[in-house]
Structures are given as structure tokens and as C-alpha cells.
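>>> Make a model of this:
(one chain, ligands or ions: 1)
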Amino acid sequence: MGADMERFGVRTATGRAALEALLADPAGAVIASDFDGTLSPIVADPAAAYIHPDAPAVLAGLARTVAGVVIVTGRPAAQAIELGRPPGGEVGLADVPGLVVLGQYGVERWEDGQVTAPPPPPGLDRVRAALPGLAAGFPGARIEDKGRALALHTRGCADPQGALQALADPVAKLAAETGLHVEPGRMVLELRPPGMDKGVALSAFLAERGARSVLFAGDDLGDLAAFDAVHRGPVPGVAVCSGSAEVTALRDKADIVVDGPAGVVGLLRALAAALAAR
Ligand SMILES: O=P(O)(O)OC[C@H]1O[C@H](O[C@H]2O[C@H](CO)[C@@H](O)[C@H](O)[C@H]2O)[C@H](O)[C@@H](O)[C@@H]1O
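Residues are numbered from 1 along each chain as shown. Next up, the predicted model:
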């Protein structure tokens, strides 16, 4: 077991214990992951953020062994499925047996090709009308309409971080006026329904599956709630940081830190190999 722990780069005692529990009892394990920045590399155009080419097959292999594989994402769930098949790829996320996608920070659920979700929150139309005015002052800013939430991206601006800071107050004011929640992320401010986050969504999924252990991988601020759920929940949990220079807040809270989506896929591949060797 010691060799396994070394291979996985676990740096905390609780992470070691949780990973040992997962390896000893895979039928009780849930493998959970964020999408953008964790399974798919960060790119300038959100519509072009396809999954790492090896991720679907690796997740499909794991899904045959564990209690469940779940993607917990800020994306609309169906869009994660679309971007979850790399261009020209033969295997996509839709081929992962029993996969569930909890989209839009947990308000949507994709399963067996069907999406279930509540109606869009009141206030969204007002945000939809107001955001172009806010974005107009920042050439290169991009509005992403996700149906139940809107995102204002600054990655295309000449000074993405400066634009993000300048937009923070007006976006917070708009959120307060419309009863929405501001979700800050990687060069993005999202206005989304309140009352749900990735931690709540993941905890509910773990309870539903009767999970006895969990591994969750994430890269961004919105994943911190899932890290908390992993560490404070009733079953042993491993939090994996998909590391980047852009976001450092997750590193100190992670049991394992890997280098971006390629590192996450490598870790999941090593996990699948260790389970197959048992
Ligand atoms: O919860 P996630 O799966 O991490 O999704 C969070 C948001 O990710 C997307 O935006 C981010 O990725 C883009 C593509 O690489 C990048 O251009 C952008 O700067 C990032 O913030 C997505 O567009 C959002 O809808 C997600 O909520």
C-alpha cells in the first residue's frame, strides 16, 4: 500500500487513509470531478473547451469498478456531455457507464441522456438585459448565456484580471437587485441561482449512492465547497487539486496536487490500474 500512496503523491494523513479505504473497497467508492480546468484544459473560447482526449475512456474504465462516477460542473449538464467527446474521439462522457452530470453548480442533472432541472430563476431576464451594458466598457469581454445562469468572461480582455476587478462591484450590485448569487471563477463572474453549490450537490449524490468513500478533483473557487464536503462529510474523502498558476486557493486544502487536466487524467489512470491489479 505504501508504494501506491507514493505513486499517487498523497501529502496528507487523511488523504492517505481515504485513498486506502477507496482502494480496499472500490464498490463503495464515488469518483467525482469538475469539468473545466480539471478534465478539460482552459482555453479562450468556452465553446471550444473539449475534454482531455484520454479522460472519457479512463472514466469509463473506473465506472465499471466503482459505485458511481459524477461530474459536478458550472456548465449546463448537456453541454458538458457535448464537450465531453473530443473532436474525432470515439469515446465521450456519454459512454461512461452510469455517468451522472450535476450541472450549473448542481441545479441540473443529466442521466441516461435526459436532463432534469428547475425553471430558470426569476431575475435572470433582468441580468440578461443588463450585462451587455456592463460588458461594453471592457472590449473582449464575453457573455455566456447558460439558460439558468449568465457568465461574464474577461479572459479575452487586454487586462483580464483588471477587468474582473472593475466588474466585481457592478456585478455584485446586479446580483443583489435580482436575487442571484455571484460565483467568481477563472476570469469569470457568474450570476446564478442561490441555494445550491457543488458541496451540497456532491453530498446529496454520495448519500444517494450509499458511498463509503469519495475522490473529488477540482481546480477553481467553485470547487472549494466540494472540497469541504469531501473533508467534512461522513465518508473518507480525497480532494485533488488540478493545479494552475491562475488559481492557488485549492492547493493548501488538497490531499493531492497534480498538474492540470493531464495530471488529473494521469492520476485517474493510475487509480484504475491499481484497482485492476487487486
Ligand atoms: O465548474 P466547471 O466545470 O469548472 O465550470 C466553471 C466554468 O467554466 C467555464 O469557464 C472557464 O473555462 C473556459 C474554457 O476553458 C475559460 O475560457 C474561462 O475563462 C473559464 O472561466 C464555463 O465557460 C463556465 O460556464 C463554467 O461555469
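
>>> After the helix or strand of the chain with the lowest mean pLDDT, which helix or strand is next?
Lowest on mean pLDDT, DSSP states H and E among the helices and strands of the chain sits helix 2-8, with a mean of 73. Next helix or strand after helix 2-8 toward the C-terminus (DSSP states H and E): helix 13-24.

>>> which residues sit against that next one?
Identification of contacts with helix 13-24 by C-beta atoms under 8 Å, 6 or more residues apart in numbering yields 1, 4-5, 8, 10, 29, 212-215, 231, 235-239, 255-256, 271, 274-275, 278. Where C-beta positions appear, they are placed from N, C-alpha and C, glycine not excepted.

>>> Quick check: Arg192 touching Arg148?
Yes. Here Arg192 reaches Arg148: they are 7.1 Å apart, a contact under C-beta atoms under 8 Å.

>>> From the neighbour counts alone, determine which of these two ranks first.
Arg192 (25 against 19; other C-beta atoms under 10 Å).

>>> Please name the bridge partners of that one.
His181 (DSSP bridges).

>>> Need the residues touching each of Arg192 and Arg148.
Gln104, Val107, Pro121.

>>> and the biggest helix by length in the chain, anywhere near the ligand?
When every helix of the chain is counted residue by residue (DSSP state H), the longest turns out to be helix 160-178. No. Helix 160-178 stays clear of the ligand (C-beta under 6 Å from any ligand atom), getting no nearer than 8.1 Å.

>>> what residues does that helix touch?
With C-beta under 8 Å, 6+ apart as the test, helix 160-178 has contacts from 122-124, 126-127, 130-131, 134, 137-138, 140-141, 152, 154, 157, 180-182, 184, 187-189, 191.

>>> Send over stretch 37-54 as CSV, restricted to the C-alpha atoms.
In CSV, the C-alpha atoms belonging to stretch 37-54 read as follows (Å, rounded to 0.1, in the frame of the first residue of the first chain):
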residue,chain,number,x,y,z
GLY,A,37,-9.7,23.2,-15.8
THR,A,38,-9.9,19.7,-14.4
LEU,A,39,-11.0,17.4,-17.2
SER,A,40,-10.7,20.0,-20.0
PRO,A,41,-7.8,22.5,-20.4
ILE,A,42,-8.6,26.1,-20.0
VAL,A,43,-8.9,27.8,-23.4
ALA,A,44,-10.0,31.3,-24.5
ASP,A,45,-13.4,30.2,-26.0
PRO,A,46,-15.7,28.4,-23.6
ALA,A,47,-17.5,26.7,-26.5
ALA,A,48,-14.2,25.1,-27.5
ALA,A,49,-13.2,23.6,-24.2
TYR,A,50,-13.2,19.9,-25.1
ILE,A,51,-12.3,17.3,-22.6
HIS,A,52,-8.8,15.8,-22.4
PRO,A,53,-8.8,13.1,-25.1
ASP,A,54,-8.0,10.3,-22.7
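
>>> give me the number of residues near Ala130?
Ala130 has 18 nearby residues by other C-beta under 10 Å.

>>> From Gly260, how far off is Ala245?
Look at Ala245 and Gly260: by C-beta to C-beta, to the nearest Å, they are 10 Å apart.

>>> More neighbours: which of those two?
Between Ala245 and Gly260, counting by other C-beta under 10 Å, Gly260 is the more crowded of the two (17 against 6).

>>> I'd guessed the more buried one sits against Leu39; true?
No. The criterion here is C-beta under 8 Å, and Gly260 misses it with Leu39 at 10.2 Å.

>>> re earlier: list buried residues within the contacts of helix 160-178.
The neighbour-count test (16 or more other C-beta atoms under 10 Å) marks 123-124, 127, 130-131, 134, 138, 141, 152, 154, 157, 180-182, 187-189, 191 as buried among the contacts of helix 160-178.

>>> which ones among the residues you listed come in contact with the ligand?
Near the ligand, by the rule C-beta under 6 Å from any ligand atom, you find Met187, Val188 out of these.

>>> Cross the buried ones among the contacts of helix 160-178 against strands and list the overlap.
Judged by DSSP state E, the buried ones among the contacts of helix 160-178 include Leu152, His181, Val182, Val188, Leu189, Leu191 as members of strands.

>>> any idea how far the first one lies from Leu167?
In other words, Leu152. According to C-beta to C-beta, Leu152 and Leu167 sit 6 Å apart.

>>> for the nearest residue in space to Leu268 that is not next to it in sequence, phi and psi?
Leaving aside its chain neighbours, Leu268 sits nearest to Val58 (4.9 Å; criterion: C-beta to C-beta, 6 or more residues apart in numbering). Main-chain torsions, Val58, degrees, to the nearest 10: phi -60, psi -40.
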